[in-house]
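1. Structure of the sequence below:
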Amino acid sequence: MLLPGALICLAILLSSGLGVYLRMRQIENVARHRETVPADFAEEVTLDDHRRAADYTIARTRFGIVETIFDAVLSVAWLAFWLAPLYALVAGVTEPGLTRSVVFVIAFTLIGHFLELPFSYFNAFSLEEKFGFNRLTPKTFILDEAKSLALTAAIAVPALYAMFALLRALPDSWWLFAWVAFMGLTLAMTVIYPTVIAPMFNKFTPMTEGDTKSRMEALLEKCGFESKGLYVMDASTRSTHGNAYFSGLGKAKRIVFFDTLLEKHSLEEIESILAHELGHFKYGHVRQMILQSAIVAFVCFAALYWAFSSGDFTGWFGLPNDPGIVLTALMLAQEPIAHLLKPLLSGRSRKAEFEADDFARQIVGKEPMIAALTRLTRDNLASLTPDPLFARFYFSHPPVPVRVAQLRSAG
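-> Numbers count the residues shown, from 1 in each chain. Okay, here's the model as predicted:
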């Protein structure tokens, strides 16, 4: 391995060290405040609930430390030791060409997936089970994994063949066409996912007639939001966590409520949650996120172009210059950069959440929104005392105490 390759491996390990440090801060901060409910929530959150949330957060964060270390060691092992013999194995059963490159990437992905599978199983059947969230059965878990693998293969295999064929046919401009195709697929998935893919995993039924539906439809009309309808998802078959979201673009947008959310929240709270989601629509956050994704994808494809064209990148790790190896090695090598970019990307997401909260405040008032946030926090055992630096790195939503304080300070 040459010096640049060794430095990349070191950067992966240092990035993992930063992740462990941030998680240790989170554990220490949550544990330090375990015995005291923040004053703003003392009337709504009991000390027992606060302690359970602290214990859940600490358990999840400790699990995250193990995952972080495992992922870093795995990435370095792939770059330094495993990619070369895997390529030799694939080369022994395939002819040189597109198929060899595609088979290599698929083999790498499958091995990585099965190495990570114990973590997914432990998360569902040990950690989530311990705190009363898990509703998965082993059978459903296996079926979900099988469906996910099948869908990934159905999308990834043609995409890889197309990209490697473009690389061969248009060595100087392939990456621009690949970027355009990727963004086209991304936009198409906003329509395909809610109508085709999501129903493979959950059941979606139109919301039944009644007060809830009437109030939600009135709110949609008030906000000028056109959708394909209101749907209820059977989230309770997998977890007791509650949520709501809207998906799709244009007239294909649909509103989805978890059945667990409808069971636990008052009508006013549900209305405020929907108003928050409509705030994302009102302020164009979906378009902004698509634009952000387009920029990130453009940079990623430009990096791929450099890696494919230079002929030196895989040599840093003592690896052949096969397109499949270039792609997988770059995926592993980019981890430290992606980690350092998290605060920037998370910060933009948190700003959007503040804007959506403020929209909900203007439409339905601050108190229902505060009540909904408090209940969501309590029911999902989210910590009310996260470490600020950890939150800055990893939270896509501002901590609930900060959101509540912002709502209360508004006019």
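
2. Distance of Leu381 relative to Trp306?
-> Look at Leu381 and Trp306: by CB to CB, to the nearest Å, they are 45 Å apart. (Glycine included, C-beta is placed from N, CA and C.)

3. Compare those two (neighbour count), which wins?
-> Leu381 (20 against 13; other CB atoms under 10 Å).

4. what secondary structure does the more buried one sit in?
-> Using DSSP: H, G, I helix; E, B strand; the rest coil, the structure places Leu381 in coil.

5. shouldn't it be in contact with Arg52?
-> Yes: using CB atoms under 8 Å, Leu381 is in contact with Arg52, at 5.8 Å.

6. intersection of neighbour lists for those two?
-> Residues touching both Leu381 and Arg52 (CB atoms under 8 Å, 6 or more residues apart in numbering): Phe131.

7. ok, residues contacting stretch 115-126?
-> Contacts for stretch 115-126 (CB under 8 Å, 6+ apart): Phe63, Val66, Glu67, Phe70, Leu74, Asn134, Leu136, Pro138, Phe141, Glu145.

8. Enumerate every residue touching the last one.
-> The neighbours of Glu145, taking CB under 8 Å, 6+ apart as the test, are Leu117, Ser120.

9. Which residues outside stretch 44-52 are in contact with it?
-> 34-37, 41, 131, 371, 374-375, 377-378, 381, 384.

10. C-terminal to the helix or strand containing Val180, what's the next element?
-> In the assignment (DSSP states H and E), Val180 maps to helix 174-192. Downstream of helix 174-192, the next assigned helix or strand under DSSP H and E is strand 204-206.

11. who does the next helix or strand after that next one touch, helix- and strand-wise?
-> Using DSSP H and E, the helix or strand that follows strand 204-206 towards the C-terminus is helix 211-223. Judged by 3 or more CB pairs under 8 Å, 6 or more residues apart in numbering; DSSP states H and E, helix 211-223 is in contact with strand 230-233, helix 267-282, helix 335-364.

12. So for helix 211-223, what gets flagged as buried?
-> Across helix 211-223, burial judged by 16 or more other CB atoms under 10 Å covers Thr212, Arg215, Met216, Glu217, Leu219, Leu220.

13. And these, which is closest to Ala356?
-> The nearest member of those to Ala356, counting by CB to CB, is Leu219 at 13.9 Å.

14. per-residue confidence for that closest one?
-> pLDDT for Leu219: 90.

15. and if you look at the one 3 residues further on?
-> We note a pLDDT of 87 for Lys222 in this prediction.

16. OK, contacts around it?
-> Neighbour list for Lys222: Ile363 [criterion: CB under 8 Å, 6+ apart].

17. Just the strands from this structure, written as ranges.
-> Counting by DSSP state E, the chain has these strands, from start to end: 204-206, 230-233, 244-247, 254-258.

18. Now the shortest one: average pLDDT?
-> Yep, that's strand 204-206 we're talking about. What strand 204-206 shows for mean pLDDT is 92.

19. could the buried residues of helix 211-223 go into CSV alongside distance to Pro398?
-> What follows is the buried residues of helix 211-223, written out as CSV (distance: CB to CB, whole Å):
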residue, distance to Pro398
Thr212, 28
Arg215, 27
Met216, 25
Glu217, 29
Leu219, 23
Leu220, 26
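
20. closest to Ala244 among those residues?
-> Nearest to Ala244 out of the buried residues of helix 211-223 is Met216 (CB to CB; 10.1 Å).

21. Dihedrals phi and psi, Pro96?
-> Note on Pro96: backbone dihedrals following degrees, to the nearest 10 are phi -60, psi 140.

22. Could you report the separation of it from Tyr161?
-> Remark: distance between Pro96 and Tyr161 (CB to CB) = 15 Å.

23. quick one: low-confidence parts of the stretch 101-250 of the chain?
-> For the stretch 101-250 of the chain, applying pLDDT under 70 flags the ranges 248-250.

24. so which of the helices and strands packed on helix 211-223 gets nearest Thr208?
-> Taking the helices and strands packed on helix 211-223 one by one with CB to CB, strand 230-233 is closest: 8.1 Å.

25. what residues does that closest one touch?
-> Counting by CB under 8 Å, 6+ apart, 198, 202-207, 213, 216-217, 254-259, 262 sit against strand 230-233.

26. Now for Ile12: which residues touch it?
-> Ala72, Ser75, Val76, Leu79, Leu332, Ala333, Glu335, Pro336.

27. how about stretch 386-404: buried residues?
-> Neighbour-count burial for stretch 386-404, counted by 16+ other CB under 10 Å, picks out 386-387, 390-395, 397-404.

28. Which of the residues you listed sits closest to Ile363?
-> Arg403 (16.1 Å).

29. For that closest one, give me its contacts.
-> Glu353, Phe354, Asp357, Leu373, His397.

30. What's the separation between His276 and Ala356?
-> 5 Å.

31. same deal with Ile290?
-> 17 Å.

32. just Leu319 next, same as before
-> 45 Å.

33. for Val296, same thing?
-> Using CB to CB, Val296 is found at 22 Å from Ala356.

34. more neighbours, the two?
-> It is Ala356, of Val296 and Ala356, that has more neighbours when counted by other CB under 10 Å, with 22 against 13.

35. so what pLDDT did that one get?
-> Ala356 carries a pLDDT value of 95.

36. Number of residues surrounding the closest residue to it other than its chain neighbours?
-> Leaving aside its sequence neighbours, Ala356 sits nearest to Gly279 (CB to CB, 6 or more residues apart in numbering; 3.3 Å). By other CB under 10 Å, the residues close to Gly279 number 23.

37. I'd say Gly279 and Ala360 touch.
-> Yes: here Gly279 reaches Ala360: they are 5.7 Å apart, a contact under CB under 8 Å.

38. returning to that earlier point: ok, of the contacts of strand 230-233, which come out buried?
-> Ala198, Asn202, Met207, Met216, Glu217, Arg254, Ile255, Val256, Phe257, Phe258, Asp259, Leu262.

39. contacting residues around the last one?
-> Each residue near Leu262 by CB under 8 Å, 6+ apart is listed here: Thr212, Val232, Ile270.

40. what do you get if the cut-off is 6 Å, keeping everything else the same?
-> With contact set as CB atoms under 6 Å, 6 or more residues apart in numbering, Leu262 has no partners.

41. ok, back up a step: distance to Leu167 added to the strands of the chain, as CSV?
-> Listed next are the strands of the chain as CSV, based on distance: least, CB to CB, whole Å:
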stretch, distance to Leu167
strand 204-206, 39
strand 230-233, 40
strand 244-247, 33
strand 254-258, 37
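
42. No further questions, thank you.
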